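>>> Give me the fold of what follows.
(2 chains)
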Amino acid sequence: AQSVAQPEDQVNVAEGNPLTVKCTYSVSGNPYLFWYVQYPNRGLQFLLKYITGDNLVKGSYGFEAEFNKSQTSFHLKKPSALVSDSALYFCAVRDGAAGNKLTFGGGTRVLVKP
Amino acid sequence: DVKVTQSSRYLVKRTGEKVFLECVQDMDHENMFWYRQDPGLGLRLIYFSYDVKMKEKGDIPEGYSVSREKKERFSLILESASTNQTSMYLCASSRPNQPQHFGDGTRLSIL
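Numbering: from 1, shown residues only, chains lettered A, B, ... in the order given. The predicted structure follows:
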């Protein structure tokens, strides 16, 4: 079985400060990891993914994430947050050897204050 | 750009009704998915399909069925709607092993 944990329901950060959204995962095989963002009344938008290769992955809108195999983590980061980054963020994992089924975390709401 | 279109943004139905939620994608994707989204629970997979007429159960298939007669269309059916099926329903599509693209969701209320 595969699972994802996002330990923080909400993260508050001042505009211009670094933003981190935490994610830990559990899979049997090799993890395929994803971050998605959801703005109000919209579907999810893909931000970035880790399949293999460099542990630091860069994605859309200045976001990046670091894959840490020993800590089974895939935290999302942005060096300087914008008010427009306020949204709901989801981490997801797929077992690389087990088909196309994604498992999502519960989501973390990010609030960036001016 | 990939476009995943869900037929209704908001839907209100009564307990016991048969409810159809429709999803169409325009990128010839093989895979299509139906999720429900509830606060604090994230997205939970109901059913998915990796080809026409093929379907597989997700994590919470009870009370739901699906239909995929054409590659671009994936329908979710609530056989007899109940109040605990009030939720946001999200459809997604993808090529194999590629990120999923989501529609804007259908907010379904069962009264």
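>>> Run a quick neighbour tally on the residue of chain A at minimum distance from chain B.
Minimum separation of chain A from chain B (C-beta to the nearest C-beta) falls at residue A:43, amounting to 3.4 Å. No exception for glycine: its C-beta is placed from N, CA and C like everyone else's. Here the number of neighbours of residue A:43 (other C-beta atoms under 10 Å in any protein chain shown) works out to 21.
>>> Please report how far the nearest residue to it once chain neighbours are set aside lies from residue B:80.
In space, residue A:43 comes closest to residue B:102 once its chain neighbours are excluded; the distance is 3.4 Å by C-beta to C-beta, 6 or more residues apart in numbering or on different chains. Here the criterion is C-beta to C-beta, to the nearest Å. By it, residue B:102 lies 27 Å from residue B:80.
>>> Looking at those two, which has the bigger crowd around it?
Neighbour totals were compared for residue B:102 and residue B:80, and residue B:102 leads with 25 against 11 (other C-beta under 10 Å).
>>> Need the pLDDT of that one.
If you check residue B:102, the pLDDT there is 95.
>>> So residue B:47, which state does it fall into?
What DSSP: H, G, I helix; E, B strand; the rest coil gives for residue B:47 is strand.
>>> what's the closest non-adjacent residue to it?
Among residues not flanking residue B:47 along the chain, residue B:66 sits closest, at 4.3 Å (C-beta to C-beta, 6+ apart).
>>> ok, now how distant is residue A:1 from residue B:41?
Look at residue A:1 and residue B:41: by C-beta to C-beta, they are 16 Å apart.
>>> Surely residue B:21 touches residue B:6?
Yes - with contact defined as C-beta atoms under 8 Å, residue B:21 counts as touching residue B:6 (7.0 Å).
>>> Between those two, which contacts overlap?
Shared contacts of residue B:21 and residue B:6, defined by C-beta atoms under 8 Å, 6 or more residues apart in numbering or on different chains, comprise B:89, B:91, B:106.
>>> Make a ChimeraX selection of the buried ones in those residues.
Here is the ChimeraX selection string for the buried members of the shared contacts of residue B:21 and residue B:6, based on 16 or more other C-beta atoms under 10 Å in any protein chain shown:
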select /B:89,91,106
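>>> so how far is residue A:113 from the closest residue to residue A:106 other than its chain neighbours?
Among residues not flanking residue A:106 along the chain, residue B:42 sits closest, at 4.4 Å (C-beta to C-beta, 6+ apart). Look at residue B:42 and residue A:113: by C-beta to C-beta, they are 25 Å apart.
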